[in-house]
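Asker: The sequence and its predicted three-dimensional model are supplied below.
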Amino acid sequence: MKIIAVDPGGTTGIAEYDTVTEDLLQFQIGPDEHHLELYRYLWAAQPDILICERFNYQRRELDKGVSLVLISREYIGVCKLYIRATAEARENETSWAMQQPAAMSLFTDRKLKRIGVYRPAMVHANDATRHLFYYMTTEMKDNKWVYAAREPE
C-alpha cells in the first residue's frame, strides 16, 4: 500500500511511504507555481491513501501583522481534483484524509531526528512526514514510528 501526505503551500512538502517495502521518500516542490507538477506526481504515484493538511483561516494572525496567504487552498484543490479524477478513471479509489495542522505536534523535530528521517532545510517535507506518521499512528493503529521515536532507556 502506498500512502502520500501533502503539506500544501508555496512550497509543498511531500512524504510518500510504501508499507510493503517500507521505503520513505521525502521531498518538496515549489516555491515556483507547481499545480501541474503536483497533479502529475500524484497521478504517476497512484497512492492508496492521500493525506492533506487542512487550511484553517485564523483572523487573529492578521491582527498580529501576519499576511494572509491563500495559495495553500489552491494546492489542496489540486489534491481534491486528483481524488475526483481517480474516482472516475480507476476502479480503485484513493482514500482521502484531511488533517488539522495540530496533527504535526506528535512528531517533533527531535523525534524525526531520532527516527532518522529529519531533513534539514526541508521544513515542508518534514511537515508532510509528520502528517504521514500521525495518520499511520492514529488511523491505521501502526505504532512503529512512535516506538522508533522513543528516548533510549
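Answerer: Cool, got the structure.

Asker: alpha carbons only for contacts and neighbour counts from here, please
Answerer: Noted.

Asker: Arg84 is in what secondary structure piece?
Answerer: helix 71-89 (DSSP states H and E).

Asker: which residues are in contact with whichever helix or strand comes after that helix?
Answerer: Elements were assigned by DSSP H and E; along the chain past helix 71-89, the next helix or strand is strand 95-99. Here strand 95-99 makes contact (CA atoms under 8 Å, 6 or more residues apart in numbering) with 48-54, 83, 131.

Asker: again with stretch 100-107
Answerer: So stretch 100-107 is contacted by 53-56, 127, 130-131, 133-134 (CA under 8 Å, 6+ apart).

Asker: got it, and stretch 127-142?
Answerer: By CA under 8 Å, 6+ apart, stretch 127-142 touches 3-7, 13-16, 26, 51-53, 99, 103-108, 143-146.

Asker: quick one: secondary structure of Ile4?
Answerer: strand (DSSP: H, G, I helix; E, B strand; the rest coil).

Asker: residue ranges of the helices in the protein, please?
Answerer: 35-45, 59-63, 71-89, 109-115, 123-138, 144-148 (DSSP state H).
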